[in-house]
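Asker: this is the structure alone, sequence omitted:
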């Protein structure tokens, strides 16, 4: 080989090596540097790279205390929220703080290491407020799981964690119809005191079964005077209205959201993994009526999840993102005198707020009113407070002012809560109020996903998720017609070209080993998860596996009109999957008969199954049915084991701890 050829060869080698080196460097940077942080959610799970609405990454050293110092805040408010109510209350507290001249930092409880609570003593007279919901059977919400575990570890291990010179108060959100009413709020309040913090205001407990809004407002009435006293601030409410968000036309670009919950274009560019922020758009494969009733409706809906990689087990929940009724949206748009197709961008007025927009922006007014804000719930006291300034009629202004006053609380509860008036009815009643549409949008709570017990088994239907949903329609006490946002949405969905955004939520409502007997109590749509249970064991039996006894107690009003899935249940009986089927039709006889009455009639059988280690499941109405069934089971245990009522309650509590007694109930 000549010297020239050698030189040419060496040059080619160098070029190839150089290109390879550039490629390697680019790959390393992309995977480990540029992608770091942007490919992880706050929970550490991978998410698809869409355009994010507002960055969640902290802009400092990751310390909320440092952030408080920068914004001269003495109050930090943490929320643990499942449906958005605790978050909404937290934002309202911060908004109220500005009326007293007090800066407040509002944060998602999962976004910070709670070890930092010890650093609060660096800020003189610092106050930490927790707004925490209790979810399910006394459990913390998804975003408060780590905080709960943190406190639990401190309690169990007796670790030194001094919160002396830190002031706190807690508002818990719960529902008295559940066994573990406000368990999370009570636990946080107890632990903060145990760790040496000073309780500034007594624990507030909100009851969603009664009037959560009233409970919150009454608790809040004590919070601000106490904080003002601590900080030596004038406790007189300035009465000044502060906007949390403002229109920013200059921020409107080519990318306009059309209903995506978090990531732009996520409905068109479907990328795994799917989650609450990145839902899967599922086609409705089947929708049929389960009732033979002209006045009531119950839908069987099958969602096609083929190709989504979504995996579910019998007993899990599917969440759907509903749309508000377009007729109501049109009506509200007309009342607000806004062009529903005008595109807007609402941006925070607080430079330190992590929440840059109230919902994905930019979007049109129509999109916001259809997908993002709840226009069918009862407005809170804060909404009425903001309406006052826009009332042009003096009588209406006086009326609104009275309703938000302490003296008008009872009348407010009667007018708004008890009469179930939505923002549509309120603006209709106060016709002189000319609130700008963008201001109303920042006041209304976010429209939340609705959760349904899956009524199928992936063993039998791996590419489908079944929903059993009773369509909600009723006349409110004030005389106007009301409807369920999600169930009427399922009823309206166009089967040809419309898809429903969904995600899954894991549940502890699980079947035991196939050989273990189960007792299922599920009247009405409470049958849903048990249909999945039966399908699950039917699939196992078809594979030649032995399964334990399955006993079902089902009830509805009328046998001919409301006995859903009758042929299926009778088929499970013939196949031997379902051992016993007991039905109660409460309105067909001279005397009302419910599932608990059937359980009393079969006390001996249930008692024997409990002795054999059976698992008991209850699904349905929490307010009446679940309580009556609970009482019935206690009596059966009392008789079976010849023990006292107290001992029977303890036995059932122990069964619940071992997940041998589980409830999936709602109110």
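Answerer: Thanks, I have it. All of these numbers come straight from a predicted model, not from anything done at the bench.

Asker: what about the strands in the stretch 351-500 of the chain?
Answerer: In the stretch 351-500 of the chain, the segments counted as strands under DSSP state E, counting those that start in this stretch are 363-364, 450-453, 464-470, 473-475, 481-483, 499-505.

Asker: and the second one, what other elements does it pack with?
Answerer: In this structure, strand 450-453 makes packing contacts with strand 317-320, strand 464-470, helix 528-542, judged by 3 or more CB pairs under 8 Å, 6 or more residues apart in numbering; DSSP states H and E. (C-beta placed from N, C-alpha, C; glycine too.)

Asker: report the central residue of this protein.
Answerer: residue 83 (2.8 Å; CA atoms, centre = their mean).

Asker: burial of residue 127, as a residue count?
Answerer: The number of residues packed around residue 127, counting by other CB atoms under 10 Å, is 26.

Asker: would you quantify the distance from the closest residue to the residue nearest to the centre of the chain other than its chain neighbours to residue 305?
Answerer: Distances taken as CB to CB, 6 or more residues apart in numbering put residue 448 closest to residue 83, at 4.8 Å, once the chain neighbours are dropped. According to CB to CB, to the nearest Å, residue 448 stands 22 Å off from residue 305.

Asker: which of the two has more residues huddled nearby?
Answerer: Remark: of residue 448 and residue 305, residue 305 carries more neighbours, 24 against 18, as counted by other CB under 10 Å.

Asker: make sure that one is actually in contact with residue 466.
Answerer: No. Residue 305 lies out of contact with residue 466 (CB atoms under 8 Å); the separation is 10.9 Å.

Asker: if I pick the residue nearest to residue 83, what's in contact with it?
Answerer: Each residue near residue 448 by CB atoms under 8 Å, 6 or more residues apart in numbering is listed here: 83, 84, 374.

Asker: now stretch 472-481, how far from the centre of its chain.
Answerer: 25 Å (CA atoms, centre = their mean, to the nearest Å).

Asker: now that stretch: average pLDDT?
Answerer: Across stretch 472-481, pLDDT averages out at 97.

Asker: do the same with stretch 580-597
Answerer: The pLDDT scores in stretch 580-597 average 96.

Asker: shouldn't residue 90 be within a helix?
Answerer: Yes. Checked against DSSP: H, G, I helix; E, B strand; the rest coil, residue 90 lies within a helix.

Asker: please report how far it lies from residue 169.
Answerer: As judged by CB to CB, residue 90 and residue 169 stand 12 Å apart.

Asker: now do the shared contacts for those two.
Answerer: Common contacts of residue 90 and residue 169 (CB under 8 Å, 6+ apart): residue 129.

Asker: stretch 93-111: end-to-end distance?
Answerer: Between the start and the finish of stretch 93-111 there is a gap of 19 Å, counting by CA to CA, to the nearest Å.

Asker: report the buried residues of it.
Answerer: For stretch 93-111, the buried set under the neighbour-count rule, 16 or more other CB atoms under 10 Å, comprises 93-100, 102, 104-110.

Asker: from these, which land in strands?
Answerer: 104, 105, 106, 107, 108 (DSSP state E).

Asker: tell me which stretches of the stretch 201-350 of the chain form helices.
Answerer: 212-230, 326-336 (DSSP state H, counting those that start in this stretch).

Asker: deepest-packed of those, please.
Answerer: helix 212-230 (a mean of 18; mean count of other CB atoms under 10 Å).
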